[in-house]
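Visitor: Structure for this input, please:
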Amino acid sequence: MDSARQHAQTVIDYQLRLGPLSFSVGGLVAAAVTLFAVWLLSRSMQRAFVRHAGERQPRSRAAIYTLSRLAKYGLYLVGLLLALSFLGIPTSRFAVLAGALGLGLGFGLQAIFSNFISGIILLFERSLRVGDFVELESGLRGEVRDINIRSTLISTNDNIDILVPNSEFVSNRVVNWTHGDGSRRLRVPFGVAYGSDKELVKKAAVEAAAAVPFTLALDGARRPQVWLVGFGDNGMQFELVVWLTPEATKRPGAVNAAYMWALETALGKYGLEVPFPQRDLHLRSLFGAQGEAGLALLRDAEAQPPEEKAADLADHERARLAGNDALEEVEHAAREEAARRAAEEERAAETDERPPA
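Guide: Coordinates of the predicted model:
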C-alpha cells in the first residue's frame, strides 16, 4: 500500500517542461478538472438564466441576457486564473504574456480585440438587445439572435443567418426599430387620377387600413391618416399613414406589400383609377392625310369594333388568388415566433423539473 502511494505521489509530482515553464502532472490534472468544472457550472448557470428569463417580460429578458453573458465571461476568467495557479505559473509571467499580446495586437489582432471590446460595450450599454429588429448602414435588416464575444448573429426575414462584427454596431450608424416603443409609423405612398374625389379616396384608404390587422388603432391619436402630399405628372399623390403593432414592425417589406394589396382592392371597390403615364398627342397628319381628311381617317379607325378581351378568371380561381400573400407572410412569421418562445419556455420547464444527476 505504501509503495503504491509513493508511486502515485511520484507520478503526481513528475515535472513536465515546456520551454521556460515547468509544471507537475498533478497540477495539470487539477487545472483540467477545474476548467471542466467551470464549463459544467457555466452550462448550469446559463440554463438557470434561460429559465428565469422565460418567466419575465420581454424587456426584462434583455437585462437577464446581458447579466448571463457577463457572469459567463467572469466565471471563465476565474476558472482560467485557478487553472494557472494549479499549474504553478507565477503572476510575473503575465507581464510577458501582456507584452506578447500587445505585440500581437499591433500586428493583426486589432480587429479581434476591437470586436471583443465592442461586444462588452453593447452588453453594458444595452443599446442592442436580443430580439431587437435592426437595420445596418449597409442596408441589412434582421433580428438580433445572439451577441457573442466577436460577432452578433442577425437573422433576416428570409431566414438567412449573418454574423456581423460587433465593432460595426459601435462605429457605424445602426437603426434599431424596436429599441423603445415597439410600435412604429409607416407611410404607404399611392396615387389616384386627377378628378378623383379626395374624400372618397380617404374613405377607401381608411377602409384598406382597417382590413390589415397590423394597424395599431382605428381611432384616437394613432388612427390611420390619409395625406395629400403632391400633384404629380399623371395624378394626385397620397400617403396612407398608419401605426403598426410591435409584431409587424419586424416585417417592414411584407407589411408594406400587405397595405398596397388592400389599397388596390379598396380603390377598385369605389371605382378610383390608379394613374398611369399620359401624354398629349398633337396630330398634324395621319398616313399623309391632313386636315379634315386626317380626322376622317381617325374617326373611321375609332369606329372599328374593339378586339376581344382576354379570357377572364373563373370565380373559383379568382377566389383562390384573392388572398393577400404579404399579409399571410407576416401572420405566419408571428405564429412561428410564438411557437419558438413556447418551445423555449417548455424546454426551460423540463430542465427545471429534471432531477439532478
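Visitor: Let me know the distance separating E345 from E337.
Guide: Taking Cβ to Cβ, to the nearest Å as the measure, E345 and E337 are separated by 13 Å. For the C-beta atoms, the positions are set from N, CA and C on the backbone; glycine is no exception.
Visitor: oh sorry, the question was meant for E329
Guide: Distance from E329 to E337, by Cβ to Cβ: 13 Å.
Visitor: between these two, which one's more packed in?
Guide: Between E329 and E337, counting by other Cβ atoms under 10 Å, E329 is the more crowded of the two (17 against 14).
Visitor: Assign that one to helix, strand or coil.
Guide: When classified by DSSP: H, G, I helix; E, B strand; the rest coil, E329 comes out as helix.
Visitor: Give me the neighbour count for the closest residue in space to it that isn't next to it in sequence.
Guide: Nearest residue to E329, sequence neighbours excluded (Cβ to Cβ, 6 or more residues apart in numbering): A254, at 4.3 Å. As a burial measure, A254 scores 21 neighbours (other Cβ under 10 Å).
Visitor: now Y194
Guide: As a burial measure, Y194 scores 13 neighbours (other Cβ under 10 Å).
Visitor: Which of the helices and strands in the chain ranks last by mean pLDDT?
Guide: For the chain, counting by mean pLDDT, DSSP states H and E, strand 285-286 ranks last in confidence among helices and strands (a mean of 54).
Visitor: Domains of the protein: list them as residue ranges, please.
Guide: Using automatic domain parsing, the domain parsing of the chain gives 2-89, 133-176, 181-279+315-357.
Visitor: Just give me the lowest mean pLDDT stretch among those domains.
Guide: Among these, domain 2-89 has the lowest mean pLDDT, at a mean of 69.
Visitor: elements contacting the strand or helix carrying S44?
Guide: If you go by DSSP states H and E, S44 is part of helix 25-54. Applying 3 or more Cβ pairs under 8 Å, 6 or more residues apart in numbering; DSSP states H and E, one finds that helix 25-54 contacts helix 2-13, helix 58-87, helix 325-353.
Visitor: residues making contact with stretch 329-336?
Guide: Outside stretch 329-336, the residues that touch it by Cβ atoms under 8 Å, 6 or more residues apart in numbering are N157, P213, F214, E247, A248, K250, R251, A254, V255, A258.
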